[in-house]
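[1] Give me coordinates for this.
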Amino acid sequence: MQTKLYSDMLPAGFTARAGKLSDYQLCFELVNAHSRRLNGRNDLNDPELIRLDWLNDGFNPETDIRAVFAPDGALVGLVECWMIDKPPVHPWNRVYVHPDHMENHVWEHLLTWAENRSRAALELVEPGLRVSAHTGTEHHNPASIRIIKNLGWTPLRSFYRMEIDLDSAPEVPALPAGLTIRPYDPVSETEAVYHCLIDSFRDHFDFVEPPFEHGFKEFRHNLIDMPGYDPRFWFVAVDGNEIAGICLCRPVDEEDAESGWVSELGMRRAWRKQGLGFALLQHAFAAFRARGQKRAGLGVDAESLTGALRLYERAGMHIARQFDKFEKELRPGKEISTQSL
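    Here you go, the predicted model:
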């Protein structure tokens with residue numbers, strides 16, 4: 001059953017329509033207006049990141065985006081409904097609302113539309129499997145949290161943005177015998193790095209392993225084809241000819257030009273609890289500092305099943321921001337994503 005749209009609740013003169021790929025520049029400006037009010041700085045430094053994001057295989061701005069405009073034509077709200085996972089058991093709905101319009105029912109309109117759009121996943125997921133839609137917002141945005149809860153979404157998980165100042169040179173610890181850390185070879189190791197990433201992420205909350213063809217294509221699009229990719233900042237820990245762990249980084253964070261960003265850090269099970277994750281992280285910090293970056297950042301599940309939060313705290317990182325995730329069950333059934341170890 002669909003939930004009522006809030007079209008009649010938008011103020012007079014406000015309009016809503018389907019998205020267009022050409023909206024990416026307007027969305028870029030909206031995202032940064034939202035972030036400046038909440039966080040005191042921009043969240044993105046390149047609109048091309050949004051355009052390329054919307055070009056992910058399986059995502060269609062005309063069916064998966066809804067935009068709200070004020071009477072003067074300004075974009076004041078936008079939601080993306082992501083169902084590109086295979087199977088899409090947890091559609092992800094990302095909402096942006098201009099801070100001047102939080103009280104105009106724009107968020108309600110967009111999130112209700114997104115819930116209805118997420119129900120398309122029910123036709124794409126095998127009967128008997130649980131389907132729940134996800135959304136989220138910053139922990140320090142109580143107005144949006146109140147709206148999300150009022151619409152019947154329940155808290156699921158929190159995630160942290162963690163940072164560290166690179167004032168002094170990180171000490172890269174010695175590795176166990178036979179293990180080495182080096183930059184990856186983009187000519188011969190891309191597929192091997194992807195397999196290591198999948199092996200690592202099997203132990204991450206909410207993970208669903210994608211079919212190889214789809215997952216590898218998405219991996220290349222989102223980590224290699226994006227602006228800022230630099231293979232010199234992709235590090236692999238190798239044991240003989242086998243990749244034991246990876247640390248895939250961007251030398252420049254998309255929201256902070258003076259910071260490096262750790263996009264993915266993962267170890268295969270057989271090599272955990274040997275200090276390898278810590279060594280990879282310190283190796284990345286040293287590379288950032290050598291480039292002249294003043295900080296480093298990454299994102300982490302606040303209740304990481306593998307203990308990643310403790311690792312980052314031991315490395316000297318601190319919590320900079322918190323993002324809260326919510327869900328709404330669309331169909332009960334068997335949960336196929338990773339929930340525990």
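[2] got a pLDDT number for the most centrally placed residue in the chain?
    Compute the mean C-alpha point of the chain, and by C-alpha atoms, centre = their mean the closest residue is Gly299, 8.2 Å away. Gly299 is assigned a predicted lDDT (pLDDT) of 98.
[3] Pretty sure it sits in a strand.
    Yes - assessed with DSSP: H, G, I helix; E, B strand; the rest coil, Gly299 lies in a strand.
[4] That one contacts Met162, correct?
    Yes - with contacts counted by C-beta atoms under 8 Å, Gly299 reaches Met162, the gap being 7.4 Å. C-beta here means a position set from N, CA and C on the backbone, and glycine is covered the same way.
[5] quick one, strands of the stretch 101-250 of the chain?
    131-138, 154-165, 179-183, 234-239, 242-250 (DSSP state E, counting those that start in this stretch).
[6] among these, which is nearest Thr63?
    strand 131-138 (15.7 Å; C-beta to C-beta).
[7] quick one: buried residues of the closest one?
    Under the neighbour-count criterion of 16 or more other C-beta atoms under 10 Å, strand 131-138 has 131-138 buried.
[8] how about it as CSV, C-alpha atoms only?
    Only the C-alpha atoms of strand 131-138 are listed here, as CSV (Å, rounded to 0.1, in the frame of the first residue of the first chain):
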residue,chain,number,x,y,z
VAL,A,131,12.9,-5.8,2.2
SER,A,132,13.4,-2.6,4.2
ALA,A,133,14.0,1.0,2.9
HIS,A,134,16.8,3.0,4.5
THR,A,135,17.4,6.7,4.9
GLY,A,136,19.4,8.9,7.2
THR,A,137,20.5,12.3,8.4
GLU,A,138,23.1,14.1,10.5
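[9] what comes into contact with it?
    38-39, 88-95, 111, 114-115, 118, 121-122, 125, 144-145, 148, 153, 156, 321-331, 333 (C-beta atoms under 8 Å, 6 or more residues apart in numbering).
[10] Quick one: the helices in the stretch 101-250 of the chain, in order.
    Secondary structure of the stretch 101-250 of the chain, counting by DSSP state H, counting those that start in this stretch: helices at 106-118, 142-150, 190-201, 212-219.
[11] Put the alpha carbons of the longest one into PDB.
    Output for helix 106-118, consisting of C-alpha atoms alone and laid out as PDB, is shown next (Å, rounded to 0.1, in the frame of the first residue of the first chain):
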ATOM      1  CA  VAL A 106       9.500  19.600   1.800                       C
ATOM      2  CA  TRP A 107      11.300  16.800   3.700                       C
ATOM      3  CA  GLU A 108       7.900  15.000   4.400                       C
ATOM      4  CA  HIS A 109       7.000  15.200   0.700                       C
ATOM      5  CA  LEU A 110      10.300  13.800  -0.500                       C
ATOM      6  CA  LEU A 111      10.700  11.000   2.000                       C
ATOM      7  CA  THR A 112       7.100   9.800   1.500                       C
ATOM      8  CA  TRP A 113       7.700   9.800  -2.300                       C
ATOM      9  CA  ALA A 114      10.900   7.900  -1.700                       C
ATOM     10  CA  GLU A 115       9.100   5.300   0.500                       C
ATOM     11  CA  ASN A 116       6.600   4.800  -2.300                       C
ATOM     12  CA  ARG A 117       9.400   4.500  -4.900                       C
ATOM     13  CA  SER A 118      11.200   2.000  -2.800                       C
END
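[12] okay if I get the helices of the stretch 101-250 of the chain as a markdown table plus mean pLDDT?
    Formatted as a markdown table, the helices of the stretch 101-250 of the chain follow (pLDDT from 0 to 100):
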| stretch | mean pLDDT |
| --- | --- |
| helix 106-118 | 96 |
| helix 142-150 | 95 |
| helix 190-201 | 97 |
| helix 212-219 | 96 |
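[13] Could you say which of those is packed most deeply?
    Most buried of the helices of the stretch 101-250 of the chain, by mean neighbour count (mean count of other C-beta atoms under 10 Å): helix 106-118, with a mean of 24.
[14] what's the angle between that one and helix 142-150?
    Relative orientation of helix 106-118 and helix 142-150, computed by axes from the mean of the first three to the mean of the last three C-alpha atoms, to 10 degrees: 40 degrees.
[15] Show me what helix 106-118 packs onto, helices and strands only.
    strand 65-69, strand 75-82, strand 92-97, strand 131-138, helix 142-150 (3 or more C-beta pairs under 8 Å, 6 or more residues apart in numbering; DSSP states H and E).
[16] Now distance to Arg51 too, for those, in a markdown table please.
    Shown next, in a markdown table, are the helices and strands packed on helix 106-118 (distance: least, C-beta to C-beta, whole Å):
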| stretch | distance to Arg51 |
| --- | --- |
| strand 65-69 | 12 |
| strand 75-82 | 13 |
| strand 92-97 | 15 |
| strand 131-138 | 22 |
| helix 142-150 | 25 |
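[17] Asp203 is nearest to which of the ones you listed?
    Closest among the helices and strands packed on helix 106-118, using C-beta to C-beta: strand 131-138, at 19.4 Å.
[18] tilt between the closest one and helix 142-150?
    160 degrees.
[19] thinking again about what came up before, looking at the helices of the stretch 101-250 of the chain, spot the one closest to Leu280.
    Of all those, it is helix 190-201 that lies closest to Leu280, at 11.4 Å by C-beta to C-beta.
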